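**Q** fold the following and give me the result.
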Amino acid sequence: MGPTCQQGRIAPMSMAPAPTENDVPETLRAGREAFARHAWREAFDQLAQADGVMTLDGADLESLAIAAFFSGHADVRIAIAERSFAAYQRAGDVIRAAYVDLEIAAAFMLRGKLSVASAWTRRGERLLDGRAETYAHGYLALIRSDLAKASGDIPRALGRDGEAVAIGERTGHQDLYAFALTAQAMLRIATGTIDEGIGLLEEAAIAAVNGELSPLPAGITAMPLRPLSSAAARARASAGSSRRSFWWGA
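**A** Below is the predicted model of the structure:
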């Protein structure tokens, strides 16, 4: 039986209780195993089947959302992530709920829906307000950077990216650190400090190629490096050629 997707959405979760570790249905077990080995289509199919007959917890719904993105079902990712957020809230996992909240905000930012992204960001701020620093605070800094960029406040955006890098270092969260370095690098490059930006990208890419990152951060971190490095090399070569022509009188 295929995944229970209807009209672009995963079928609503049932009201059955979540399974215990000793009573995990085969579809859910298979979906978790497929997700662990990055077999995205299989993970999506199996987790979606499980989603149609039982209540998935926040972590399994988060996995389903990621598998949807990587298996060609990106159109349902946000809807599933919203359910993951709600499940984490019900379970009292405020930090993970805030993280998923900010992932949703970032997804709406990419779609150009700034007002919706801002609303999710404010919700994340309320969840994290007064709590000790965690990786989620770093992701909050990143989405605040995106909102600052959207408003044209580049210095503020760079400051927020730097804040996220620092939180990634302090919390030891590799995905956050790489994301934040990449965001900082792209903004540096966009504002003309190309060599500094390329250096930051190369630093972030080390973690990606060494397998230290989750799949999505790894792809986002490594993806810009090759074309940007090539463009920078051509620019440097062109500049060097001009300087040599001047000094050699050619």
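
**Q** which stretches of the protein have low pLDDT?
**A** 1-22, 208-210, 222-250 (pLDDT under 70).

**Q** which stretches of it form strands?
**A** In the chain, the strands defined using DSSP state E lie at 5-6, 9-10.

**Q** show me what contacts V165?
**A** Y177, A180, L181, Q184 (C-beta atoms under 8 Å, 6 or more residues apart in numbering). All C-beta atoms are positioned from the backbone trio N, CA, C, and that covers glycine.

**Q** isn't L64 up against L47?
**A** Yes - taking C-beta atoms under 8 Å as the definition, L64 is a contact partner of L47 at 4.3 Å.

**Q** tabulate the contacts of V165 in TSV, adding columns for neighbour count.
**A** As requested, the contacts of V165 are exported to TSV (neighbours: other C-beta atoms under 10 Å):
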residue	neighbour count
Y177	27
A180	28
L181	24
Q184	24
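
**Q** got phi/psi on A132?
**A** The phi and psi values for A132, taken as degrees, to the nearest 10, are phi -60, psi 150.

**Q** any idea how far it is from Q174?
**A** 20 Å (C-beta to C-beta, to the nearest Å).

**Q** between these two, which is the more surrounded one?
**A** Q174 (19 against 7; other C-beta atoms under 10 Å).

**Q** verify the stated contact: the more buried one with L213.
**A** Yes - counting by C-beta under 8 Å, Q174 touches L213, with 5.8 Å between them.

**Q** which neighbours do those two share?
**A** In contact with both Q174 and L213: A207, using C-beta under 8 Å, 6+ apart.

**Q** overlap in contacts, L64 and L47.
**A** Counting by C-beta under 8 Å, 6+ apart, the residues touching both L64 and L47 are G31, L56.

**Q** next, give phi and psi for D153.
**A** phi -90, psi 80.

**Q** other residues contacting stretch 148-159?
**A** Outside stretch 148-159, the residues touching it (C-beta under 8 Å, 6+ apart) are M109, L114, S145, D146, R160, Q184, L187, R188, T191.

**Q** before we move on, what about stretch 82-97?
**A** 10, 13, 56-59, 61-62, 64-65, 100-101, 104, 127-128, 131, 134-136.

**Q** looking at those residues, which are in helices?
**A** 58-59, 61-62, 64-65, 100-101, 104, 127-128, 135-136 (DSSP state H).

**Q** tell me which two of those residues sit farthest apart.
**A** Maximum pairwise distance in the ones in helices among the contacts of stretch 82-97, criterion C-beta to C-beta, is 24.6 Å, between L64 and L128.

**Q** the more surrounded of the two?
**A** A count of neighbours by other C-beta under 10 Å puts L64 above the other of L64 and L128, at 29 against 22.

**Q** and that one, how close does it get to A107?
**A** L64 is 15 Å from A107, by C-beta to C-beta.

**Q** just to revisit the earlier point, among the contacts of stretch 82-97, which ones are buried?
**A** 10, 13, 56-58, 61-62, 64-65, 100-101, 104, 127-128, 134-136 (16 or more other C-beta atoms under 10 Å).

**Q** what's the burial count for S63?
**A** Around S63 there are 22 residues (other C-beta under 10 Å).

**Q** for the protein, what spans make up the helices?
**A** Applying DSSP H to the chain gives helices spanning 26-36, 40-53, 58-70, 77-91, 94-110, 114-128, 135-150, 154-171, 174-190, 194-209, 215-222, 225-248.

**Q** how far is the second one from where the chain is centred?
**A** Mean-position distance between helix 40-53 and its chain equals 21 Å (C-alpha atoms, centre = their mean, to the nearest Å).

**Q** what's it packed up against?
**A** Secondary-structure packing of helix 40-53 (3 or more C-beta pairs under 8 Å, 6 or more residues apart in numbering; DSSP states H and E): strand 9-10, helix 26-36, helix 58-70.

**Q** let's see it at 7 Å
**A** On a contact count with 3 or more C-beta pairs under 7 Å, 6 or more residues apart in numbering; DSSP states H and E, helix 40-53 meets helix 26-36, helix 58-70.
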